[in-house]
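[1] Got a sequence here, can you model it:
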Amino acid sequence: MNIVITGLASVYEPENVARLFYPQGRLLAARPAGRDDLVLARAGRRHLLAAVRENGRCAWLRRPLAPGQDPEYALTDLVYQLLVGFTGVRPPWGSMTGVRPVRIIHDSRARGLSEEAIRSRFVDRYHCTEEKYRLALSIADLQRPVMAAARPRDCSLYIGIPFCPSRCSYCSFVSRTIEREHKLVQPYVDALCREIEEMRRQIDACGLTLKTIYIGGGTPTSLSAGQLRQLMGKVRELFDLSGLEEYTVEAGRPDCTDAEKLAVLKEYGATRISINPQTFSDEVLAGIGRRHTAADIERCYAEARAAGHTNINMDLIAGLPGETVEGFTASLRRAIELNPENITVHTLTLKRASNLVIDKARDEYGDVAEMLHACSALADAGYRPYYLYRQKGTLQNLENTGWCKPGFEGLYNIYIMEEVHTILSAGAGGSTKLVQPGGDHIQRIFNYKYPADYINGFATVMDRKKGVSEFYARYLDPETTG
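    Here you go, the predicted model:
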């Protein structure tokens, strides 16, 4: 499918709405010759036009552009209405293209909008289903105390470990296999410790208060026990861990996480860990490139409990190749039986950077919406949804939702997803996100993407960190604002 949009300064919204129906559509600058499949959207001075041609079938809608009406939003809505009628598909999140639906509720409440006005924005303007609006609303309500407690100089620290024992077929993160990049691991850990030292200097210089630490990846436990001690020992040396709200380490892969490493995580201050099965089907695990079984997951979980870990998250993915509704439901039930404090349910996202073959017909991935309906079992078991985000390329336009037992909300997840405060990021692929307190300005500072580039360009990485102090001098210190 070709996509052509004309007459707008920005085509982002109508383009992405068209991709809800035709994910592999190609955006073209001009209408192609011939009779190729096409979505056409045109904004004129007085009228809007949306048209579609697919396999010889055609349809179009034309609408006047009202005075003062935003042409991008109006054309986006017209494209959505046309394609719903043409395809018979009604996306559960409607025409909403943003990744943070809950943030819309927080921002709307901050501007004094009524609850009915907020509902109308979701259901009438964006055409969300009532079910998805209620999900977002329940999460916003649960997050309210967390948002209210935020302070202007709060921050969190993310530490990235871009190594894994093997690469999962669906993965698009910056990560390298330990076997292939073994020689890089120790120099990487050494450089990472130096960057964390610089982060501490920046935190002190800006008068920031560190609230949470998150060591993610990749797979942090792909490091050796000694390397974990080095890294987490440096963190403990630099920061008062007793003042943290939360300290998470991903121990997601049982094929590289053992009792010794789990004991190290506990000894050096982790208060929350993730052990991520993705599925409890051995066949599906093998199909996505995992070198472990469901029994290995359960062994790792038991060892974590034995090491004293009392706050454990488990990830599942709905829509993995070969997974059925019955298979996903069985995995969900098994996770609930293990009784972790958090269960995060992701919807498979097809990304070009992954090894997963993405040109398969989407219905080959099973009924993902029906899989997510099985999550009612989480509510029955006492879990409640506490954070949510969406991604481009997610099957059936669905979402990722974190569920937790009361009092076990993953605070870092809320902070980063609702953009509550600054997230300082160390390591390859790191993206520091500086959030202006009480304002809308967000500034990013990027590290080099790959481990070798990060190590070789480390002087530049350190130099870029000066941007943290510059940001806070500009937006927080009265004597430097103008």
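[2] Let me know the average pLDDT across stretch 203-215.
    Across stretch 203-215, pLDDT averages out at 96.
[3] Just the residues contacting that stretch, thanks.
    151, 153-159, 161, 202, 231-232, 235, 239, 243-250, 270, 411-412, 415, 421-422, 424, 468-469, 472, 476 (C-beta atoms under 8 Å, 6 or more residues apart in numbering). Glycine gets a C-beta too; all of them are placed from N, C-alpha and C.
[4] how about 7 Å then?
    For stretch 203-215, the surrounding residues in contact (C-beta atoms under 7 Å, 6 or more residues apart in numbering) are 151, 153-159, 161, 235, 239, 244-250, 411-412, 415, 468-469, 472.
[5] cool, stretch 273-283 as well?
    So stretch 273-283 is in contact with 248-252, 265, 285, 293-294, 297, 300-301, 304, 309, 312-317, 320, 322-323, 327, 330-331, 334-335, going by C-beta under 7 Å, 6+ apart.
[6] And for stretch 436-451?
    When contacts are defined by C-beta under 7 Å, 6+ apart, stretch 436-451 is touched by residues 152, 162, 174, 176, 181, 184, 188, 419, 425, 427-435, 454, 457, 461, 464, 467, 471, 475-476.
[7] Please go through this protein and pick out the longest helix.
    Across the chain, the longest stretch assigned as helix under DSSP state H is helix 182-206.
[8] Output the following helix or strand past it in PDB with nothing but the alpha carbons.
    Going down the chain from helix 182-206, the next helix or strand is strand 209-217, by DSSP states H and E. Extracted C-alpha coordinates of strand 209-217, given in PDB (Å, rounded to 0.1, in the frame of the first residue of the first chain):
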ATOM      1  CA  THR A 209      17.600  13.900  44.500                       C
ATOM      2  CA  LEU A 210      18.000  10.300  43.200                       C
ATOM      3  CA  LYS A 211      14.700   8.400  43.600                       C
ATOM      4  CA  THR A 212      15.200   5.200  41.700                       C
ATOM      5  CA  ILE A 213      17.900   3.200  39.900                       C
ATOM      6  CA  TYR A 214      17.200   0.700  37.100                       C
ATOM      7  CA  ILE A 215      19.800  -1.600  35.600                       C
ATOM      8  CA  GLY A 216      18.400  -3.000  32.400                       C
ATOM      9  CA  GLY A 217      19.500  -4.200  29.000                       C
END
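[9] one step back: which ones among the contacts of stretch 203-215 lie within strands?
    154-159, 161, 246-250 (DSSP state E).
[10] Closest one of these to Asn339?
    Thr248 (18.8 Å; C-beta to C-beta).
[11] Verify the stated contact: the closest one with His309.
    No. Between Thr248 and His309 there is no contact under C-beta atoms under 7 Å: 11.2 Å.
[12] buried subset of the contacts of stretch 436-451?
    Buried members of these, scored by 16 or more other C-beta atoms under 10 Å, are 152, 162, 174, 176, 181, 184, 188, 419, 425, 427-430, 432-435, 454, 461, 471, 475-476.
[13] quick revisit: what's the ChimeraX line that selects buried ones from the contacts of stretch 273-283?
    To isolate the buried ones among the contacts of stretch 273-283 in ChimeraX, judged by 16+ other C-beta under 10 Å, type:
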select :248,249,250,251,252,265,285,293,294,297,300,301,304,309,312,313,314,315,316,317,320,322,323,327,331,334,335
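[14] Quick check: pLDDT value at Gln396.
    84.
[15] how about it, secondary structure?
    Of the three states, Gln396 takes helix according to DSSP: H, G, I helix; E, B strand; the rest coil.
[16] Just give the nearest non-adjacent residue to it, would you?
    Val368 (5.0 Å; C-beta to C-beta, 6 or more residues apart in numbering).
[17] How about Trp60?
    Closest to Trp60 by C-beta to C-beta, 6+ apart is Ala51, at 3.8 Å.
[18] Mind pulling up the pLDDT for the one you found?
    97.
[19] Okay, buried residues for whichever strand or helix holds it please.
    Element membership for Ala51, per DSSP H and E: strand 47-54. For strand 47-54, burial by neighbour count (16+ other C-beta under 10 Å) applies to 48-54.
[20] Can you name every helix or strand that that strand contacts?
    Applying 3 or more C-beta pairs under 7 Å, 6 or more residues apart in numbering; DSSP states H and E, one finds that strand 47-54 contacts strand 38-43, strand 57-64, helix 71-87.
[21] just how off-centre is the longest one within its chain?
    Remark: helix 71-87 is offset 27 Å from the chain centroid, using C-alpha atoms, centre = their mean, to the nearest Å.
[22] before we move on, back to that, pretty sure the residue nearest to Gln396 contacts Ala318?
    Yes. Contact criterion C-beta under 7 Å: Val368 and Ala318 qualify, at 5.1 Å.
[23] shared neighbours of those two, anything?
    Contacts common to Val368 and Ala318, judged by C-beta under 7 Å, 6+ apart, are Thr347.
[24] how close does the spatially most central residue of the chain get to Gln396?
    Nearest to the mean C-alpha position of the chain, by C-alpha atoms, centre = their mean, lies Tyr389 at 5.9 Å. Separation of Tyr389 from Gln396 (C-beta to C-beta, to the nearest Å): 16 Å.
[25] quick one on the thing from earlier: would CSV of the ones in strands among the contacts of stretch 203-215 with distance to Arg134 be doable?
    Putting the ones in strands among the contacts of stretch 203-215 into CSV (distance: C-beta to C-beta, whole Å) gives the following:
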residue, distance to Arg134
Asp154, 30
Cys155, 32
Ser156, 29
Leu157, 34
Tyr158, 31
Ile159, 36
Ile161, 37
Glu246, 27
Tyr247, 33
Thr248, 28
Val249, 33
Glu250, 30
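[26] circling back: where strands are concerned, which of the buried ones among the contacts of stretch 436-451 count?
    Filtering the buried ones among the contacts of stretch 436-451 for strands - DSSP E - leaves 176, 425, 432-435.
[27] so which of those residues comes closest to Gly216?
    Nearest to Gly216 among those: Ser425, at 9.9 Å, using C-beta to C-beta.
[28] Would you agree the closest one is in contact with Ile159?
    No. Between Ser425 and Ile159 there is no contact under C-beta under 7 Å: 8.0 Å.
[29] which residues do those two both contact?
    Here Ser425 and Ile159 have no joint contacts, going by C-beta under 7 Å, 6+ apart.
[30] And for stretch 43-60, what's in contact with it?
    By C-beta under 7 Å, 6+ apart, stretch 43-60 touches 1, 7-8, 37-42, 61-65, 71, 74-75, 78-79, 82-83, 85-86.
[31] can you count the residues close to Glu245?
    Glu245 has 16 neighbours, counted by other C-beta atoms under 10 Å.
[32] Revised request: answer the last question for Phe21.
    21.
[33] Now do the phi/psi pair for it.
    Note on Phe21: backbone dihedrals following degrees, to the nearest 10 are phi -100, psi -30.
[34] Identify the residues contacting it.
    83, 87, 89.
[35] how about 10 Å then?
    1, 39, 52, 54, 79-80, 82-84, 86-87, 89, 91, 397 (C-beta atoms under 10 Å, 6 or more residues apart in numbering).
[36] Could you point out which of the helices and strands packed on strand 47-54 sits nearest Ala377?
    Across the helices and strands packed on strand 47-54, closest to Ala377 is helix 71-87 (C-beta to C-beta), at 30.7 Å.
[37] Average pLDDT for the helix or strand that the closest one is followed by, rounded please.
    Sequence-wise, the next helix or strand downstream of helix 71-87 (DSSP H and E) is helix 101-110. Over the span of helix 101-110, the pLDDT mean works out to 95.
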